[in-house]
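Trainee: Using only what follows, build the 3D model:
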Amino acid sequence: MRIPAIRAKIGIWDYYVTTLTFEQVRDFVSKIDNNLHQSEGLKDLIQRSITNNFLSIKDYIVGQPEMFFNSLVLAVYDDYPDWKEIEFKYNDIETYQMGLLEFPGNHKVFPVDGQHRVEGIKAALLENPELKNQKIAAIFIGHSNTDEGKQKTRRLFSTLNRYAKPVSKDDIIALDEDDIVAILTRKLLEEYPVFTGKRVINAKQKAIPSTNKTAITSIITFYQANLEVLKIFLKKKKGIKPTKTNIDTYLKFRPEKIQIEEFEIFLCNFWNSFKTKINVISDYILIDENENPATNYRNNENGGNLIFRPVGFLPLVKVALDIYSTEDISFDDIFDRFNQINLNLDSAPWHYVIWNPVNKSMIMNSDAVTFLMLKYLFNNEIMSPQDINKLKTGYASKISFEGNISDILNDI
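Mentor: As a prediction, the model looks like this:
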């Protein structure tokens, strides 16, 4: 194998930047075996770090014509390949950094960073051999099969993997052009009255700062709410079981335009009912966003309204969708019913579940009880005995109830 490359140095490492075809990756890049450890247990530990995620990468390669990857970092066992430098001149610039990497013998190459990408490429070629001429960037480093050499490579392996960060949820929402939820979340943030301008806040966490008097919810919570709508859309309209695996796979590939439009219609129908049937939302959007429209609905005096807290907004969305998916009830009817329920936090049954009336503060980690409470208030007859028991137990725990638990819901 002979490939053009650029030579450079950082720290203790001389390295070479080049590209490899998928066919070359398949033929020349091996799994790590005794390159970092002699112990069979430790070698197995490294191999176990290759999860089934490589299958998702394989699907991405096969199904996404706009695919792109970060560079592979590859170690060459037991030394560097031969380097044939080429003098390069351009105007007054002269450099010997460019040249050819030549692998004249049985050099063994293994991935220090990019194990899943390597295995994904190999799996993709089994499914579609025509991908063999696709190219991926690669960085070659030297690896010496000595105790010192193994230590250096292990340190590089752990450093690259320790500090590699997955794409953040913020970046997915802002930039992803394959994730249908991200695509339509952006569109609603720009076009839909309830969520435009300052009415949705870009907070680092789901919680909304107490100083904010404008937003109904946070971008992350809004994305999660739209994701819940997608699950029901796929289940009811497409017959796709909304398992985590199915959803994760669906979000990795941009659907056809018609599918995006179908989901957009379903999503807007959901939010239209939310907007028109719940009075506090209808009133909220009539207030100019420069006049602190959320003040009466989220504050530190009486807590405000459950919908204006992420800990209540998402459970309400989930309950509405759960009822829609199991009962023959429209979104309009569902939200019309919720409009008649007392969602003010400074009242039973929200005391000590979401709102502490003494300290005048929010209570976190209440999503599960809130979900069940909302469903119970909507119509306890649609709840299973198991869910009723879960609600009684969870509610009793929240309010430190010491009486007969079977009577705990009587006064709600």
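Trainee: Which residue lies nearest the spatial centre of the protein?
Mentor: By Cα atoms, centre = their mean, the mean C-alpha position of the chain lies nearest to K169, the distance being 5.2 Å.
Trainee: I220 is in contact with that one, correct?
Mentor: Yes. With contact defined as Cβ atoms under 8 Å, K169 and I220 form a contacting pair (5.9 Å). To be clear about C-beta, it is placed using only N, CA and C from the backbone, and glycine gets the same treatment.
Trainee: before we move on, back to that, can you pull the contacts of the residue nearest to the centre of the chain?
Mentor: 220, 223 (Cβ atoms under 8 Å, 6 or more residues apart in numbering).
Trainee: confidence score at it?
Mentor: Per-residue pLDDT puts K169 at 75.
Trainee: measure it to K122 for me?
Mentor: 30 Å (Cβ to Cβ, to the nearest Å).
Trainee: do the same with K108
Mentor: Per Cβ to Cβ, K108 is found 16 Å from K122.
Trainee: just how off-centre is the host helix or strand of Q386 within its chain?
Mentor: Using DSSP states H and E, Q386 sits in helix 385-399. For helix 385-399, the separation from the chain centroid amounts to 31 Å (computed by Cα atoms, centre = their mean, to the nearest Å).
Trainee: Buried residues of that helix, list them for me.
Mentor: In terms of neighbour count (16 or more other Cβ atoms under 10 Å), helix 385-399 has its buried residues at 390-392, 394-396, 398.
Trainee: Please, where are all the strands along the protein?
Mentor: 2-10, 13-21, 72-77, 82-85, 88-90, 93-95, 98-102, 108-113, 135-143, 200-201, 217-218, 355-356, 361-362 (DSSP state E).
Trainee: Of those, which stretch is the most buried?
Mentor: strand 217-218 (a mean of 24; mean count of other Cβ atoms under 10 Å).
Trainee: tell me what it is packed against?
Mentor: For strand 217-218, the helices and strands in contact under the criterion 3 or more Cβ pairs under 8 Å, 6 or more residues apart in numbering; DSSP states H and E are strand 200-201, helix 310-326.
Trainee: Quick one: closest of these to Y60.
Mentor: Y60 lies closest, by Cβ to Cβ, to one member of the helices and strands packed on strand 217-218: helix 310-326, at 28.6 Å.
Trainee: Pass me the low-pLDDT residue ranges in the stretch 1-150 of the chain, would you?
Mentor: 32-52, 77-80, 104-107, 143-147, 149-150 (pLDDT under 70).
Trainee: now with 90?
Mentor: 1-3, 7, 9-16, 28-57, 59-60, 63-70, 73-116, 140-150 (pLDDT under 90).
Trainee: hang on, the earlier thing: weakest of the helices and strands packed on strand 217-218 by average pLDDT?
Mentor: Looking at those, the bottom one is strand 200-201 with a mean of 90.
Trainee: what residues does that one touch?
Mentor: So strand 200-201 is contacted by 189, 208-209, 212, 214-219, 222 (Cβ under 8 Å, 6+ apart).
Trainee: Quickly run through the sheet partners of that strand, with directions.
Mentor: Each strand paired with strand 200-201, and its direction, by DSSP bridges: strand 217-218 (parallel).
Trainee: can you give me the offset of the strand it pairs with from its chain's centre?
Mentor: Distance, centroid of strand 217-218 to centroid of chain: 17 Å (Cα atoms, centre = their mean).
Trainee: can you give me the mean pLDDT across that strand?
Mentor: 92.
Trainee: for the helix holding Q386, packing partners?
Mentor: Using 3+ Cβ pairs under 8 Å, 6+ apart, helix 385-399 sits against helix 367-379.
Trainee: The helix it packs on packs against which elements?
Mentor: If you count contacts as 3+ Cβ pairs under 8 Å, 6+ apart, helix 367-379 packs onto helix 310-326, helix 331-338, helix 385-399.
Trainee: the inter-axis angle of the last one versus helix 367-379?
Mentor: I take that to be helix 385-399. 120 degrees (axes from the mean of the first three to the mean of the last three Cα atoms, to 10 degrees).
Trainee: do the shortest one as well
Mentor: With the same axes, to 10 degrees defining the directions, helix 331-338 sits at 100 degrees from helix 367-379.
Trainee: What residues sit buried inside helix 331-338?
Mentor: In helix 331-338, counting by 16+ other Cβ under 10 Å, buried: 331, 334-335, 337-338.
Trainee: With adjacent residues omitted, what lies nearest to V353?
Mentor: Leaving aside its chain neighbours, V353 sits nearest to K398 (4.8 Å; criterion: Cβ to Cβ, 6 or more residues apart in numbering).
Trainee: so who does the one you found touch?
Mentor: Contacts of K398 by Cβ under 8 Å, 6+ apart are 352-353, 363, 366, 369.
Trainee: 7 Å - rerun?
Mentor: 352-353, 366, 369 (Cβ atoms under 7 Å, 6 or more residues apart in numbering).
Trainee: quick one: Y90 and L101, what's the gap?
Mentor: For Y90 relative to L101 (Cβ to Cβ), the value is 22 Å.
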